[in-house]
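Enquirer: fold the following, please.
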Amino acid sequence: MSDQPQTVLHAIVTALTEPHDAEVIRLWKELKQTCGLQGIWEMPVPHFSYMGMLGYDAAAVEQELREIAAQAHPFTARVSSLGIFTGEDPVVYLALVKDEALLRFHQLVWQRLEPHLSTPNLYYAPPVWVPHITLAIGDVTQANLACVIEQLAFRPWYWEFPVDRIGLISHPSTGKEMSFVFGG
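Expert: Just a heads-up that it's a prediction; the model follows:
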């Protein structure tokens, strides 16, 4: 057992709602059963992220999220394809279309929240952001990637779903997660 405290990762997200959250969970279960993947279950909240960070000013972020949600209007996001972030720890995901509404909202979130964060993950910064819904993370290997591709590559990936909320999630959970519905 390590004496080092566990690093807590935080993310500003839109959590998926029915029926899309259930569909993502069904895919996670399928990949667990057929390919032995379990890493995604570390943070089992179907979502896509606008930004990630190691720390934040809780009061300021909560206030900004409340204001962003109160002023925002729901819009539609679209899944376009299956993707893989390559490297030592590959991630399999569903790619979201970077349309004007999504890009504009992401930019607003970064402008409002970035001043209140410590150690933001720059992979989520507007110029390089790849919006996605994670399907497999943490235990994707050379040995099981072919199984994942075999299960998912030949399916049509065109979903539409509402973006009607914004919130904060943490891994591991801190008990301080929050979510705000647009317009209220």
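Enquirer: skipping its backbone neighbours, what lies nearest P90 in space?
Expert: V140 (4.4 Å; CB to CB, 6 or more residues apart in numbering). Glycine gets a C-beta too; all of them are placed from N, C-alpha and C.
Enquirer: tell me the confidence at H171?
Expert: Among the per-residue scores, H171 holds a pLDDT of 82.
Enquirer: these two touch, right, it and T7?
Expert: No. Using CB atoms under 8 Å, H171 makes no contact with T7, being 9.3 Å away.
Enquirer: more neighbours, these two?
Expert: H171 (15 against 8; other CB atoms under 10 Å).
Enquirer: ok, longest helix in this protein?
Expert: helix 20-35 (DSSP state H).
Enquirer: can you classify the residue nearest the centre of the chain by secondary structure?
Expert: With distances taken as CA atoms, centre = their mean, F48 lies nearest the centre of the chain, 2.8 Å away. Following DSSP: H, G, I helix; E, B strand; the rest coil, F48 is assigned to strand.
Enquirer: just to check, it is in contact with V130?
Expert: No. Applying CB under 8 Å as the test, F48 and V130 come out as separate, 10.0 Å apart.
Enquirer: give me the buried positions along stretch 109-122.
Expert: Using 16 or more other CB atoms under 10 Å as the test for burial, stretch 109-122 gives V109, W110, R112, L113, H116, L117, P120.
Enquirer: sorry, that was for stretch 94-107
Expert: L94, A95, L96, V97, L102, F105, H106.
Enquirer: could you do stretch 136-143 as well?
Expert: A136, I137, D139, V140.
Enquirer: now, which of those sits nearest V163?
Expert: I137 (21.8 Å; CB to CB).
Enquirer: G52 reaches H10, doesn't it?
Expert: Yes. With contacts counted by CB under 8 Å, G52 reaches H10, the gap being 6.8 Å.
Enquirer: so between these two, which is more surrounded?
Expert: H10 (26 against 19).
Enquirer: nearest residue to that one in space, please, no chain neighbours.
Expert: Excluding the flanking residues, the one nearest H10 by CB to CB, 6+ apart is S170, at 4.8 Å.
Enquirer: and the one you found, what is it in contact with?
Expert: If you count contacts by CB atoms under 8 Å, 6 or more residues apart in numbering, S170 has them with V8, L9, H10, A11, K176, E177.
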